[in-house]
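In: Prediction below, plus the sequence it came from.
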Amino acid sequence: MTTLGNRPARGLRQRGTQGNGKVKADPVEAGVRWLDVRLGVAKGGRVFLDKIFPDHWSFLLGEIALYSFVILIVTGIWLSLFFNASTAEVIYHGAYAPLRGVKVSAAYASTIDISFGVRSGMVIRQMHHWAADVVLGSIAVHMCRVFFTGAYRKPREANWIIGVTLLTLGLANGFIGYSLPDDLVSGTGIRLVFSFLLSMPVVGSYLGFFIFGGNYPGDGSLIPRFFILHVLVLPLVILGLITAHLTLLVRQKHTQFPGKGRTEHNVVGTPMYPAFIAKTTGYLFMIAGVLWALGGLVQINPIWQFGPYAPYKISYAVQPDWYMGWLDGALRIMPSWEFASFGHTIPFEVFLPAIVFPGICFGVFYAWPFLEAWLTGDRADHNLLDRPRDKPRRTALGAAALAFFFTLFSASSTDVLANFFQISLNSVLWFFRFATVLVPVVVFFVTWRLCLDLALTPHSGKRKRTNVVTRSATGEYATTPSDDRPGDGHHELEPTPVPVFIDVGDRAEPVGADLGSGVRRIPRR
Amino acid sequence: MTTTTGRDGGDGTVRSPVAAFDDPHMQPYARHPERAERVVAVCLLFGVLGFVGYGICFWVGGQTQAEGALLGIGLFGFGFGLSAWGKYLMPRGPFSEERHSYVSSQAEVEAMTAAVVDRGKMVFRRRGILGGILGLGAAAFGVVLTFPLLRSLGPQPKKALFVTDWKKGAYVVDTNGKRVHRDDMEVGGMLTVFPEGFVGQSVDQTMMVRASTSDVKTRPGRDTWGPDGYLAYSKLCTHAGCPVGLYMEQTQQLLCPCHQSLFDVLDGGTQVFGPAPRPLPQLPLYIDEAGFLRAQKGYDEPVGPGFWERS
């Protein structure tokens, strides 16, 4: 009682805590009690409702990935109701006139049917493809955020590793899904995968033959195999890892940027209920809205224009989905260093860029938190994030890595660039061979220098405040800074714990904070 | 009545058991909550209108762009309204929560270590032979597991990568299965061909061009391979196996559209540029008495990209 101070405990609360059934109980409390008696949810649930989510726009990047994945699952289940994962040859008789009478695979025909013969099918199919591109993009950007702010440092190395694994699996499943429609462009991608497998010393041809069910293009079992990987195996693993990712996040709590009242030992922000739930649910809807609109308005992967796959056909400007571009670029700029001796061949021109290179990249990603701790000797726990400019070496290294991948990505369009600028393919190729090495080095030093210079500039990056000049009656001029603007650091209140009860009883309701906003009494003990 | 305490009630400092409704932390973030409320209401209404609009659009037959716009606007408006409600009209905080350390004490760490190590030692010291067999079994199981997981999936490569269906005397046919006659192609013409009976087979795909005989640089040992200027090369790129599909008639070069390897048709299919390590294998042709193009023999080397067993 004493802790309630001068505020008298009022009717409802007393009724609730007595809970003897004699007084008519609050229906919400009755529900909570029903669950609590069976599952014991009240204590933990209350803590969960209070869970604090720090506010920063960059923390939403991972949410884009999460919600796009949710949309992938939902649209993917819907698509699987129509898709026929078979390479059996059928004659197309559907709604798309130009293809009628053409011999195509069942997979291709059913994908065309989803697009033209099923209501809203085109939108949902394209939404699925867009969501796949967005999920990988947002994982990449989220990973950059985590890298540049040092969020992967102790104790969060495990979550970084899970995240890198999610990226790998996402890339794999994106590629596999892209291959399922059995169109001309994706078929070329599958052909490349067979060659990548072949390039591996000793085991290559065996792996290729086993996975494809024979020499390329195999015995037709690849599409069904890809299908079960795409819709069951990989999504299950990804789902499990996302669960682990979020469980670790809850257990270790969020990182936060330094600021008023924020320390290594607390988390400052918005509680789960009501504000965060509202914001994040709204965010889910917004992402769904953007993806749906993209699906309806912006064409992606028009397989009816590419045509069905035939091993001897190919189109101009063959390029994979964007997230595979860096590997394609690496393949293009690699010199033809085939090793052939002692009765064996190692096609390094494929093996290095397609197998070894991504292996090294992901190896470095996995090892990075430990590498950094080893290089800097920093083995302390970190819950407060770094501002990128305050860590010039890490930031420069990250920027150089981004520049490296972006140059490789650009190199996957050598032919298009040569055509567009009317220069020889040879020059473009040699440009990229040098650029891949030089651009990251330049970017490293420029970024490093910028970070050091910014560190010497106090108040840089803070919002400028207007000075108001007033002239008095006597003609004197005086300068006063203008009022604070919302969001200015010093304008923030001192953070407080989430209140146990909020007194919403007989008081006049303050403007704007209505009961509907969810601020009701939230019993906790 | 149970005592209600704040988060850190344990140390006796009860901070905020009951919040006043007019506590600034409870106030909306928006400076003008009525305005914010109106904006939220409009956004949510956009959502409702978008949902209904999509429903009507679907009902009357559907149209991809209209569906995309209507439900897109609906979902976005609905979400924006909800997010804005959460951001501008719900308690702004900031609120804080303590990080409770989940790290165990030194004694607990030692106890855990001891439990793992000592019990393990106890088991394996006494029963080392069982441990050995256990390890052997695990290894054996791991190996045999790859049999169904990998080996069952497909055949062994054997010689499949070394052979094609081009045999001695095989008729050259186009993609429709029609035999190619010596008069069928003009100089500068290009055709994708297969051995008769194997149209569409990936390994057999062959690019046949007709060049002016005076331009052809004949490689040693290939004097008879290109009768009447008909030159046939495997269409599988020696880099990564894409069909070398772009024939540039002016320079008489073949370009692979995947990674831009360039091959010289007139000079035995040698690679001019790009990542391809080897020339395109050439198919020896002859023209029979009836004037049809046929293969003298199969390819004399494996077609397509490199692999370990290739010498």
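Out: Received the coordinates, thanks. Residues are numbered from 1 along each chain as shown, chains lettered A, B, ... in the order given.
In: which residues sit in contact with residue 70?
Out: I went with chain A, as the question did not name one. For A:Val70, the contacting residues are A:Leu284, by C-beta atoms under 8 Å, 6 or more residues apart in numbering or on different chains. All C-beta spots, glycine's among them, are computed from the backbone N, C-alpha and C.
In: wait, chain B
Out: The neighbourhood of B:Leu70, defined by C-beta under 8 Å, 6+ apart, consists of B:50, B:53-54, B:57.
In: That one falls within a helix, correct?
Out: Yes: B:Leu70 sits within a helix when classified using DSSP: H, G, I helix; E, B strand; the rest coil.
In: Would stretch A:324-331 count as contacting chain B?
Out: Yes: legend: contact between stretch A:324-331 and chain B by C-beta under 8 Å from any C-beta of the partner chain is shown at A:328, A:331.
In: three-state assignment of A:Thr480?
Out: Once three-state DSSP is applied, A:Thr480 turns out strand.
In: Show me the beta-bridge partners of it.
Out: Per DSSP bridges, residues listed as beta-bridge partners of A:Thr480: A:Val468.
In: domain assignment for chain B?
Out: As assigned by automatic domain parsing, chain B contains the domains B:22-89, B:164-300.
In: who touches A:Gln319 in this structure?
Out: When contacts are taken as C-beta under 8 Å, 6+ apart, A:Gln319 is in contact with A:325, A:328, A:412-413.
In: Turn the domains of chain B into CSV, including mean pLDDT and distance to B:Gly142.
Out: Supplementary listing: the domains of chain B in CSV, determined by pLDDT from 0 to 100; distance: least, C-beta to C-beta, whole Å:
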stretch, mean pLDDT, distance to B:Gly142
domain B:22-89, 93, 49
domain B:164-300, 90, 32
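In: coming back round to it: please identify which pair of the contacts of A:Gln319 lies farthest apart.
Out: By the measure C-beta to C-beta, those have their two most distant members at A:Asp328 and A:Ser413, which lie 8.9 Å apart.
In: and the two? which has more neighbours close in?
Out: When A:Asp328 is set against A:Ser413 and neighbours are counted by other C-beta atoms under 10 Å in any protein chain shown, the residue ahead is A:Asp328, at 23 against 19.
In: Show the contacting residues for A:Gly220.
Out: With C-beta under 8 Å, 6+ apart as the criterion, the residues that contact A:Gly220 are A:86-88, A:213.
In: which SS class is it?
Out: Here A:Gly220 takes the coil state, with states given by three-state DSSP.
In: Find the nearest non-adjacent residue to the closest residue to chain B within the stretch 351-500 of chain A, please.
Out: Ranking the residues of the stretch 351-500 of chain A by distance to chain B (C-beta to the nearest C-beta) places A:Pro499 first, at 3.2 Å. Taking C-beta to C-beta, 6 or more residues apart in numbering or on different chains, and ignoring the residues beside it in sequence, A:Pro499 has B:Ala19 as its nearest neighbour in space, at 3.2 Å.
In: Okay, A:Leu397 and A:Pro388: tell me how far apart.
Out: Relative to A:Pro388, A:Leu397 is positioned 11 Å away (criterion: C-beta to C-beta, to the nearest Å).
In: Where is the longest helix in the chain?
Out: All of this is about chain A. Within chain A, and with DSSP state H defining each element, the longest helix by residue count is helix A:425-455.
In: that's the wrong chain, I wanted chain B
Out: helix B:33-59.
In: who does that one touch, helix- and strand-wise?
Out: With contacts defined as 3 or more C-beta pairs under 8 Å, 6 or more residues apart in numbering or on different chains; DSSP states H and E, helix B:33-59 has these neighbours: helix B:64-84.
In: I'd like the next helix or strand past the helix it packs on.
Out: Scanning forward in sequence from helix B:64-84, with DSSP states H and E defining helices and strands, the next element found is strand B:95-98.
In: residues from the stretch 201-311 of chain B in reach of chain A?
Out: When proximity is defined as C-beta under 8 Å from any C-beta, the stretch 201-311 of chain B approaches chain A at B:201-203, B:205, B:235, B:239-243, B:245-246, B:257-260, B:262, B:271, B:273-278, B:304-311.
In: which of those residues count as buried?
Out: With neighbours counted by 16 or more other C-beta atoms under 10 Å in any protein chain shown, these contain buried members at B:201-203, B:205, B:235, B:239-243, B:245-246, B:257-260, B:262, B:271, B:273-278, B:304-310.
In: follow-up on the earlier one: any part of the longest helix of chain A near chain B?
Out: Yes: Helix A:425-455 comes into contact with chain B (C-beta under 8 Å from any C-beta), by way of A:425-426, A:429.
In: Contact partners for A:Ala310?
Out: A:184, A:187, B:200.
In: May I ask you to confirm that the last one belongs to a helix?
Out: I take that to be B:Gly200. No: following the definition three-state DSSP, B:Gly200 is coil and is not counted among the residues of a helix.
In: Need the three-state assignment for the closest residue to it other than its chain neighbours.
Out: Excluding its sequence neighbours, the residue lying closest to B:Gly200 (C-beta to C-beta, 6+ apart) is A:Ala310, at 6.4 Å. Each residue gets one of three states, and A:Ala310 gets coil by three-state DSSP.
In: got the domain boundaries for chain A?
Out: Using automatic domain parsing, chain A is parsed into the domains A:2-40, A:57-386.
In: will you turn those domains into TSV that also has mean pLDDT?
Out: Converted to TSV, the domains of chain A look like this (pLDDT from 0 to 100):
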stretch	mean pLDDT
domain A:2-40	62
domain A:57-386	93
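In: most tightly surrounded among those domains?
Out: When neighbours are counted by mean count of other C-beta atoms under 10 Å in any protein chain shown, the highest per-stretch mean among those falls to domain A:57-386, a mean of 19.
In: Show me which residues of the stretch 351-500 of chain A are close to chain B?
Out: Taking C-beta under 8 Å from any C-beta, the part of the stretch 351-500 of chain A that reaches chain B is made up of A:354, A:383, A:414-415, A:425-426, A:429, A:486, A:492-493, A:495-500.
In: can you pull out the helices in chain B?
Out: The residue ranges that make up the helices of chain B, judged by DSSP H, are B:33-59, B:64-84, B:106-126, B:128-149.
In: so of the ones you listed, which one's packed in deepest?
Out: With neighbours defined as mean count of other C-beta under 10 Å, those peak in mean count at helix B:64-84, which reaches a mean of 22.
In: ok, back up a step: what about the residue nearest to A:Pro499, neighbour count?
Out: The number of residues packed around B:Ala19, counting by other C-beta under 10 Å, is 21.
In: Who does it form a beta bridge with?
Out: When bridges are assigned using DSSP bridges, the partners listed for B:Ala19 are A:Ile502.
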